[in-house]
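In: coords please:
(one chain, ligands or ions: 1)
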Amino acid sequence: MAPTKPRGHSIAFAPRIQELLDRDEKVFRIDPAKVGVADSRLMAEIVAARPVLSSERSVYKPAAGSDIPHDSATRTIRALGRDAMAGIRKPPPPARGMAGSWPYAGTSYLRRWLFSADPLPVSLLSKRGVTRSDTLSRLVDRAVTRWPGSAGQDGCTALAGLIRGADDPVERKQAIAMYRRATATLCDGVAALTGNALWLMGPERDRPENRADLTAVLWETLRLLPPAWMLYRNGGAAYTLLHPEIRPEDDVALFPLLMHRHPDYWSDPLEFRPERWDGVADPEKAPAFMPFGFDGARCWAKHLVVPLAERLLTVALDNRLVVRSPQQEAQVPLRSLLSVRFAAQVGT
Ligand code: HEM
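Out: The predicted structure is shown next:
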């Protein structure tokens with residue numbers, strides 16, 4: 001497959017991602033202990049074959065030495081939904097906060113927008129300077145455990161309310177971990193998606209016809225540059241009957257990124273064409289399109305991600321956020337979230 005060339009811009013993927021994109025097969029061995037899958041039907045069968053293990057989860061992996069109980073997981077997602085929807089109804093922070101290195105500038109901007117109303121020390125849980133350091137994170141966790149805030153404080157998020165309302169120390173520690181992971185997953189994911197869309201739209205992003213349907217722009221971005229580009233399953237025992245390449249001792253990597261670009265599934269697969277989503281009532285029902293996972297392990301926050309990204313993209317375009325560098329070819333490094341790297345400035 002040739003590199004993506006959307007609207008005059010090109011993308012240089014990290015070599016290990018490019019190697020995967022260069023393969024034609026839909027099921028292939030990556031190394032002696034890992035099989036890669038880009039086949040739509042096999043991916044769905046693998047996800048359906050067994051539930052995700054708690055160790056394979058990201059937001060809801062164990063915290064404070066125990067699994068996250070189901071009712072606390074659902075309370076967290078409901079609180080996050082309330083906070084995200086209340087947040088985007090508030091006026092956005094000053095647009096200059098979007099200037100700088102993307103996707104990080106987008107992440108910090110969203111955090112300020114959605115979660116800065118929480119008082120100290122809770123608001124530090126989602127601060128980028130803190131989340132990047134394990135030591136600082138531990139110190140902040142301890143501070144929040146001791147001073148979780150008091151009921152009736154103005155402007156607190158529902159997620160902060162779950163920390164305050166915890167009944168015992170383990171529940172409180174888990175609520176702190178949930179706050180950090182949920183805010184990080186939301187802000188990092190939405191910033192990655194928005195940054196990828198800004199890059200794919202290219203220098204023509206201000207033209208009125210591109211402004212017409214930002215929802216379609218985002219679905220097309222989720223196809224060509226899905227932030228969740230690889231899903232991982234440890235151990236192949238449950239999958240050996242599904243394909244002869246998979247052995248019990250293998251791990252399995254599922255690649256929406258490859259499936260979304262395969263010519264067997266898509267016409268002009270490498271072209272950025274938001275119009276292909278015109279009139280598609282439910283993009284998630286499109287064959288071979290799975291930006292939020294498959295039935296059985298589908299993303300719990302998928303209803304939040306596109307509306308939030310659309311709001312952030314609108315603010316970026318209204319404030320004429322432009323890519324300062326690179327002018328031609330941007331890098332996509334090997335990370336768990338797929339995101340284009342560029343530097344942006346506001347209102348030139
Ligand atoms: C741009 C943002 C996001 C994207 C692209 C995304 C994508 C995905 C994908 C592809 C899966 C399937 C994973 C698999 O089968 O291994 C998934 C599952 C899931 N996601 Fe998301 N997600 C996003 C944000 C979030 C957020 C903010 C939360 C919650 C705070 C969340 C919670 C979940 C949960 C609970 C699952 C089910 C897997 C499990 O049980 O742990 N996601 N997501």
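In: Number of residues surrounding the one residue in the stretch 101-250 of the chain that gets nearest to the ligand?
Out: Nearest residue of the stretch 101-250 of the chain to the ligand (C-beta to the nearest ligand atom) works out as residue 189 at 2.4 Å. C-beta: built from backbone N, CA, C; applies to glycine. For residue 189, the count of nearby residues is 23 (other C-beta atoms under 10 Å).
In: the strands in this structure, which residues?
Out: Applying DSSP state E to the chain gives strands spanning 10-13, 27-31, 34-37, 100-102, 231-233, 251-254, 321-325, 329-332, 342-346.
In: Present these as JSON lines; the columns should include distance to residue 271 and mean neighbour count.
Out: Shown next, in JSON lines, are the strands of the chain (distance: least, C-beta to C-beta, whole Å; neighbours: other C-beta atoms under 10 Å):
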{"stretch": "strand 10-13", "distance to residue 271": "13", "mean neighbour count": "18"}
{"stretch": "strand 27-31", "distance to residue 271": "25", "mean neighbour count": "15"}
{"stretch": "strand 34-37", "distance to residue 271": "24", "mean neighbour count": "20"}
{"stretch": "strand 100-102", "distance to residue 271": "23", "mean neighbour count": "19"}
{"stretch": "strand 231-233", "distance to residue 271": "25", "mean neighbour count": "18"}
{"stretch": "strand 251-254", "distance to residue 271": "24", "mean neighbour count": "21"}
{"stretch": "strand 321-325", "distance to residue 271": "20", "mean neighbour count": "17"}
{"stretch": "strand 329-332", "distance to residue 271": "18", "mean neighbour count": "16"}
{"stretch": "strand 342-346", "distance to residue 271": "21", "mean neighbour count": "17"}
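In: wait, which of those strands is closest to the ligand?
Out: strand 231-233 (3.7 Å).
In: contacting residues around the closest one?
Out: 46, 47, 52, 56, 239, 251, 252, 253, 254, 256, 293, 297 (C-beta atoms under 8 Å, 6 or more residues apart in numbering).
In: Please state the offset of it from the chain centre?
Out: Computed by C-alpha atoms, centre = their mean, to the nearest Å, the separation of strand 231-233 from the middle of its chain amounts to 15 Å.
In: And stretch 283-298, by the same measure?
Out: 14 Å.
In: Looking from the ligand, tell me which residue of the stretch 201-348 of the chain is nearest.
Out: For the stretch 201-348 of the chain, C-beta to the nearest ligand atom, closest residue to the ligand: residue 293, 2.5 Å.
In: same question, the stretch 1-150 of the chain
Out: residue 57 (3.4 Å).
In: quick one, phi psi at residue 247?
Out: phi -110, psi 160 (degrees, to the nearest 10).
In: That one: neighbour count?
Out: The burial count for residue 247: 14, using other C-beta under 10 Å.
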